[in-house]
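Enquirer: model the structure of this input:
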Amino acid sequence: LETDFKQTNSFVNLIGTNNQIINTNSFTEVFSNLVINKSAGTVTLSDNINIETQLRLQNGLFDLNGNTAFIINSFTTSVLRNNGGVVSENVTNTSKLIWQIGTQNGLFTFPFSRLDGTYIPLLFSHTSGDAGNFSVSTYGTAKSNVPWPTFPITVSNLNSVYGVNDSDATVNRFWQLDISGTAVGNLTFNYAPDELPVSPFNNPSSLKAQLYNSLSSTWQTYLPSQSAAANYVTVSGYNMVSGPYAITNVNSPLPIELLSFDAKVYNKSVKINWVTLSETNNDYFNVERSKDGINFYSIGEIKGSINSNSINKYELFDNKPLSGISYYRLKQTDLDGRFTHSKISPIKFSDLNKVLQFYPNPCGQKIYVKNIFTENFILQVVDLTGKIIIDKQIVHSINDEYIDIELGNIQDGIYLLKATSNDFVQKTKFIISR
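Expert: Numbers count the residues shown, from 1 in each chain. Below is the predicted model of the structure:
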């Protein structure tokens, strides 16, 4: 079929047994009603098309072939299927079915099929919000779950919380969902029976959906409120987020998101901080320390949040740090005893021997702070309620033995002098008395 005119309020029926191609010479043709009703053969797109009223799949396959079919009608009946289906199956995620849903509520069926005819629809039951345009593409993979998505977002790993490739526990299919608005609804992913993970991860009722976070290059914890049965997973009451999706076994979830872990000298201690974006079956954390960076020993334990989809912040103090160079890392232990380690954060010997020095004390209009730093740092004067009175950034210079701080009209009283650099925090009291 080759055309360059608009089919206004009419039906284009593609029938017969031969393969057919919709070729519009790079022009986005607008159809009113497009009907696929073939007893054999496939209809293949060669260019993008728009459909104003209805796409009707009576029989046969409609292969998007790296192109977009855009349904510019918000009715749930704008796409109807009796048999056959829409073939996406493009690893570049350019074979997209886009539906202009807007504020229309109801069940929207994206009727995907594999080239072998296996029906694997994506269902979106829109309950609230303005979804705008909802774009879906999907493709199946080899048993090793390759290739990973590369467009529009590059997935860099398929690692579990235990740091190993999780392909054995992941359904052999990816989905790319993109929504231009904001919407809440129920989302159902369907997959083919032969796309199940390998044993012992192939129990359909133990599968759940996960979203890839491109900012942290990790898979987030399971989406909330899920149910599963043979060949599908449903996420209920979901606030839609764009991105790549996968389905994994709950006994081998894709990774916990550790946003940061670092250790800094704090007065005469070492302060260890870490932040998680999400946690799955997380029992507890151990902070481990080492003298040589090889042999680590626990110096403290903190309970985890078990399961969480929000940011959690943790801290622990090492009040008896080692002299010289020492190394810190985080050990996260799961409910079943399996564990993983974070990166290593070293503390320099010189940092442990820094002591904040100044004179005079009590002081009047100025205070002089000894320059013990090897980099830029921040000096602050803080009152006893925690209010910052003076906040001064100091550019490091080897020529300055002392840095003077003008105290101005600060009232007499007791204050804290606080010095902060990349790996050093120390504070001490002083008195202003004029």
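
Enquirer: centre-most residue in this structure?
Expert: residue 213 (1.8 Å; Cα atoms, centre = their mean).

Enquirer: quick one: contacts for the closest residue to it other than its chain neighbours?
Expert: Of all residues not flanking residue 213 in the chain, residue 220 sits nearest, at 5.3 Å (Cβ to Cβ, 6 or more residues apart in numbering). Every residue, glycine included, has its C-beta placed from N, CA and C. Going by Cβ atoms under 8 Å, 6 or more residues apart in numbering, residue 220 touches 210-213, 254, 257, 277-278, 309.

Enquirer: helices of this protein, start to end?
Expert: When secondary structure is read from DSSP state H, the chain shows helices at 349-352.

Enquirer: pull the longest strand from this protein.
Expert: strand 269-290 (DSSP state E).

Enquirer: what about the residue lying closest to residue 309 once chain neighbours are set aside, distance to residue 367?
Expert: What sits nearest to residue 309 in space, not counting adjacent residues and going by Cβ to Cβ, 6+ apart, is residue 278, at 5.4 Å. Distance of residue 278 to residue 367, computed by Cβ to Cβ, to the nearest Å: 45 Å.

Enquirer: for ChimeraX, what selects the buried ones among the contacts of residue 220?
Expert: In ChimeraX, a selection of the buried entries from these looks like this (16 or more other Cβ atoms under 10 Å):
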select :210,211,212,213,254,257,277,278
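
Enquirer: which one of the contacts of residue 220 is nearest residue 147?
Expert: residue 212 (14.3 Å; Cβ to Cβ).

Enquirer: surely that closest one and residue 152 touch.
Expert: No. In this structure, residue 212 is not within contact of residue 152 by Cβ atoms under 8 Å, at 11.6 Å.

Enquirer: and the residue lying closest to residue 273 once chain neighbours are set aside, how far is that from residue 270?
Expert: Nearest residue to residue 273, sequence neighbours excluded (Cβ to Cβ, 6+ apart): residue 315, at 4.9 Å. For residue 315, the distance to residue 270 equals 11 Å [Cβ to Cβ].

Enquirer: over to residue 413?
Expert: 31 Å.

Enquirer: which one's more surrounded, those two?
Expert: Shown here are residue 413 and residue 270; by other Cβ atoms under 10 Å, residue 270 has more neighbours (26 against 10).

Enquirer: that one touches residue 287, doesn't it?
Expert: No. Residue 270 lies out of contact with residue 287 (Cβ under 8 Å); the separation is 9.6 Å.

Enquirer: anything in contact with each of these two?
Expert: Contacts common to residue 270 and residue 287, judged by Cβ under 8 Å, 6+ apart, are 318, 328.

Enquirer: can you list the weak-confidence ranges in the stretch 51-200 of the chain?
Expert: Counting by pLDDT under 70, the low-confidence segments of the stretch 51-200 of the chain come to 160-164.

Enquirer: same deal with the stretch 251-400 of the chain?
Expert: Looking along the stretch 251-400 of the chain with the criterion set at pLDDT under 70, you get 251-256, 348-354, 373-374, 398.

Enquirer: so where do the strands sit in it?
Expert: 257-266, 269-290, 297-308, 312-318, 326-334, 339-341, 345-347, 358-359, 366-370, 377-382, 388-394 (DSSP state E, counting those that start in this stretch).

Enquirer: adjacent strands (with direction) for the shortest one?
Expert: Right, strand 358-359. strand 366-370 (antiparallel) (DSSP bridges).

Enquirer: got the contact list for the strand it pairs with?
Expert: Under Cβ under 8 Å, 6+ apart, the answer for strand 366-370 is 356-361, 379, 401-407, 417, 419, 430.

Enquirer: so who does residue 343 touch?
Expert: 261, 329.

Enquirer: phi, psi of it?
Expert: Backbone torsions for residue 343, taken as degrees, to the nearest 10, come to phi -70, psi 170.

Enquirer: against residue 274, how distant is it?
Expert: 10 Å.

Enquirer: need the residues touching each of the two.
Expert: Joint contacts of residue 343 and residue 274 (Cβ under 8 Å, 6+ apart) are residue 261.

Enquirer: in stretch 147-159, what's buried?
Expert: 148-149, 152-153, 155, 158-159.

Enquirer: no no, stretch 367-385
Expert: Result for stretch 367-385 [16+ other Cβ under 10 Å]: buried residues 367, 369, 371-373, 377, 379-382.

Enquirer: ok, stretch 221-230 next?
Expert: Applying 16+ other Cβ under 10 Å to stretch 221-230 flags 221-223, 226, 228 as buried.

Enquirer: need the worst-confidence member of those.
Expert: Scanning the buried residues of stretch 221-230 for pLDDT, the low point is residue 221. It has 77.

Enquirer: just list the residues touching it, thanks.
Expert: Counting by Cβ under 8 Å, 6+ apart, residue 221 has contacts 210, 253, 256-257, 278-280, 307-309.

Enquirer: how much space separates it from residue 183?
Expert: Distance from residue 221 to residue 183, by Cβ to Cβ: 21 Å.

Enquirer: ok, residue 200 next?
Expert: 36 Å.

Enquirer: with residue 136 instead?
Expert: Where residue 183 is concerned, residue 136 sits at a distance of 13 Å (Cβ to Cβ).

Enquirer: now do residue 322
Expert: For residue 322 relative to residue 183 (Cβ to Cβ), the value is 54 Å.

Enquirer: which one's more surrounded, these two?
Expert: residue 183 (23 against 15).

Enquirer: wait, isn't that one in contact with residue 133?
Expert: No. When contacts are counted by Cβ under 8 Å, residue 183 is not listed as touching residue 133 (10.8 Å).

Enquirer: so for those two, which residues contact both of them?
Expert: Joint contacts of residue 183 and residue 133 (Cβ under 8 Å, 6+ apart) are residue 101.
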